[in-house]
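Chemist: below is the sequence, then the predicted model.
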Amino acid sequence: MTDLLTRDEWLRRAAVPVARTRLWIDGDFVDAASGKTFECVGPRDGATFARVAEGDAADVDRAVAAARRSFEAGVWREAAPAHRKAVMLRWAQLIREHAHELALLETLNVGKPISDSVKVDVEYAATNVQWYAETIDKMYGEVAPVPRDSLTIVEREPLGVVGAVVPWNYPLIISSWKVGAALAAGNSVVLKPAEQSPLSALLFAELATRAGLPDGCFNVVTGFGPTAGAALGRHADVDKLAFTGSTEVGKYFLRYAAESNGKPVSLELGGKTPHVVLRDCPDLDAAASAIAWGVFYNSGQTCHAGTRLVVDRTIEDELLERISGVAAGLQPGDPLEPTTTMGTIVDRVQLERVLGYIESGRAEGADVHLGGRQAHPVQGGCYVEPTVFRNVRPGMRIEREEIFGPVLASVAVDDVDAAVRIANDTPYGLGAAVWTRDLSRAHKVARALRAGTVWVNTFDRSSIVTPFGGFKQSGTGRDRSMHSIEGYTNLKTTWIQL
Ligand code: ADP
């Protein structure tokens, strides 16, 4: 199913009106209560290609009520684990069977290269759902070592209704982490996709129902953050919030929880990932390739993108040259052309923001080593060249703030201590990398780096089996792995007198 079509065929399919544009509540497509819709403007060429239901508080109420009904009725959480596993495995299969449809929606919404949408976004979403399905009949409780006159059983129970709010950079993958874990644990879910990328979630949810997920267990409310997102955050009948997005909005979710029912909140937020490249980097070509792909992939719109290079001064020139060499093969192109490796920035607002950061780098005295301009492979679209700044000083905005664009800032250092200090001097702590051939130094630096994931002599390797999340203001809680399921459950102790 995942072999690629030609550009002409993708263009033909892109011209067909989008089939699913309404809210998905209680196993059905419905209009927003207000009747309102909003435009989907494609970043590929700036044209409006669909209108989508604009859900708000009234629709969130409906979706939460449906989720609550399904949860209380026990249609999902009380079903046999083997049955729930079979349903989720069927869902993963349906995702694969609809790979082209899902991928096209992702590319039209956010401008990802179509081959990435097919081979990475949709494929990972299916893999993630499949992996969570497999956990369902492998979760055991515990018997605690209490005095022999008693038996205590410690079990994990679902929390109830989960509200998930996700961003636009990896709409399907991030949704599959949260919805997959929440459903595997027996919860019911209301998902609010980002307003820039509402479409794939609607088909994703419909396929779950077609796989046998009971109505109401997974609902999707499309709409804007301050209305639909805030209503979900503040809802008193939501038992947990799972959020991925900016640190600023993540803090709103803590407030929403505090001002409503004190529900738990998991947050996966921003990042400013450093690559610490030491003098004894074992393979400069491998480092250059990993660094370039790690910051330019998805046009830099990745929370853990490696946006800061903290490099030993003696190898900076050579490393930057090699990074430029890799970047030459990573230029923005038409996202619907299957050979394109770099697509668009998500929308015009974000495009202006990225260009503004590039301007600030120049104004603060950093040098543009590569790129630095808007590109125009398709007229009217939102494209930026892979950009590298050198002579960056710690504290410059391009070194400090999350840009969410294809911009690398290189800071030269003279020793390991300075490298670690600068790498850690950020409010964020999502990822970090160190490049060295000295095993002991690698371990010491990896320990010293304050981040949820540290890569050694590699970058951006990830898997559903490893936890993903941040230290410091990059968030709290984890997506992926069995640890993520803990975040969607409560521990219950049953104490029995014998
Ligand atoms: P990004 O910077 O990646 O666009 P945001 O944090 O702005 O990330 O958005 C991530 C998600 O949070 C989106 O689904 C968006 O609609 C939602 N969101 C944005 N603002 C708010 C808000 N004030 N309250 C609730 N949700 C919000």
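Modeler: Here it is on my side, so go on.
Chemist: residues in contact with the residue nearest to Ile403 when sequence neighbours are not counted?
Modeler: Spatially, and ignoring its direct neighbours in sequence, Ile403 is nearest to Tyr357 (4.6 Å; Cβ to Cβ, 6 or more residues apart in numbering). (Glycine included, C-beta is placed from N, CA and C.) Neighbour list for Tyr357: Arg397, Ile398, Glu401, Ile403, Gly405, Val407 [criterion: Cβ atoms under 8 Å, 6 or more residues apart in numbering].
Chemist: out of these, who's near the ligand?
Modeler: For the ligand, no contacts are drawn from the contacts of Tyr357 by Cβ under 6 Å from any ligand atom.
Chemist: and the furthest pair within those residues?
Modeler: Spatial extent of the contacts of Tyr357 (Cβ to Cβ) is set by the pair Arg397 and Gly405 at 12.8 Å.
Chemist: looking at those two, which is more packed in?
Modeler: More neighbours surround Gly405 than the other of Arg397 and Gly405, with 25 against 15 (other Cβ atoms under 10 Å).
Chemist: residues of the strand or helix carrying Ala286 that come out buried?
Modeler: Ala286 is part of helix 284-296, with elements assigned from DSSP states H and E. The neighbour-count check on helix 284-296 (16 or more other Cβ atoms under 10 Å) flags Leu284, Ala287, Ala288, Ser289, Ala290, Ile291, Ala292, Trp293, Gly294, Val295, Phe296 as buried.
Chemist: identify the residues contacting the closest residue to the ligand within the stretch 251-400 of the chain.
Modeler: Nearest residue of the stretch 251-400 of the chain to the ligand: Tyr252, at 5.0 Å (Cβ to the nearest ligand atom). By Cβ under 8 Å, 6+ apart, Tyr252 lies in contact with Ala230, Gly233.
Chemist: what residues does the stretch 351-498 of the chain have near the ligand?
Modeler: Checking the stretch 351-498 of the chain against the ligand by Cβ under 6 Å from any ligand atom, there are no hits.
Chemist: which residues of the stretch 351-498 of the chain fall in strands?
Modeler: Secondary structure of the stretch 351-498 of the chain, counting by DSSP state E, counting those that start in this stretch: strands at 367-370, 374-375, 383-384, 387-390, 407-413, 431-435, 453-456, 475-476, 489-497.
Chemist: all the helices of the stretch 251-400 of the chain, residue numbers only.
Modeler: All helices of the stretch 251-400 of the chain, identified by DSSP state H, counting those that start in this stretch, fall at 284-296, 316-328, 348-363, 397-400.
Chemist: format the ones you listed as TSV; extra columns: mean pLDDT.
Modeler: Listed next are the helices of the stretch 251-400 of the chain as TSV, based on pLDDT from 0 to 100:
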stretch	mean pLDDT
helix 284-296	98
helix 316-328	97
helix 348-363	98
helix 397-400	98
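Chemist: how about those helices in a markdown table, adding distance to Ala258?
Modeler: What follows is these, written out as a markdown table (distance: least, Cβ to Cβ, whole Å):
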| stretch | distance to Ala258 |
| --- | --- |
| helix 284-296 | 36 |
| helix 316-328 | 44 |
| helix 348-363 | 29 |
| helix 397-400 | 28 |
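Chemist: to Gly55, which of the ones you listed lies closest?
Modeler: helix 348-363 (21.0 Å).
Chemist: about what we covered before: just the strands of the stretch 351-498 of the chain: most buried one?
Modeler: Mean neighbour count (mean count of other Cβ atoms under 10 Å) peaks for strand 431-435 among the strands of the stretch 351-498 of the chain, with a mean of 30.
Chemist: so in that sheet, which strands flank it, and in what orientation?
Modeler: The pairing partners recorded for strand 431-435 under DSSP bridges are strand 274-277 (parallel), strand 453-456 (parallel).
Chemist: quick check, central residue of this structure?
Modeler: Nearest residue to the geometric centre of the chain (Cα atoms, centre = their mean): Ile174, 4.2 Å.
Chemist: okay, the spatially closest residue to that residue that is not a sequence neighbour and Arg480: tell me how far apart.
Modeler: Spatial nearest neighbour of Ile174, excluding adjacent residues (Cβ to Cβ, 6+ apart): Val166 at 4.7 Å. To Arg480, Val166 is 14 Å away according to Cβ to Cβ, to the nearest Å.
Chemist: which of the two has more neighbours?
Modeler: Val166 (27 against 21).
Chemist: and the more buried one, what pLDDT?
Modeler: Here, the pLDDT recorded for Val166 equals 98.
Chemist: how about Thr2?
Modeler: Thr2 is given a pLDDT of 55.
Chemist: okay, buried residues for stretch 55-69 please.
Modeler: 55-57, 59-69.
Chemist: farthest pair within the residues you listed?
Modeler: Once Cβ to Cβ is applied, the buried residues of stretch 55-69 give Asp56 and Arg69 as the farthest pair, at 20.7 Å.
Chemist: what residues does the stretch 151-300 of the chain put near the ligand?
Modeler: Counting by Cβ under 6 Å from any ligand atom, the stretch 151-300 of the chain sits next to the ligand at 165-167, 192, 194-195, 224-226, 229-230, 233, 245-246, 249, 252.
Chemist: out of those residues, which sit inside strands?
Modeler: Secondary structure assignment (DSSP state E) places Val165, Lys192 from these within strands.
Chemist: most neighbours among the residues of the stretch 151-300 of the chain next to the ligand, please name it.
Modeler: Lys192 (30 neighbours).
Chemist: surely that residue meets Thr227?
Modeler: No: Lys192 is not in contact with Thr227 according to Cβ atoms under 8 Å; the separation is 9.9 Å.
Chemist: any shared contact partners between those two?
Modeler: Gly55.
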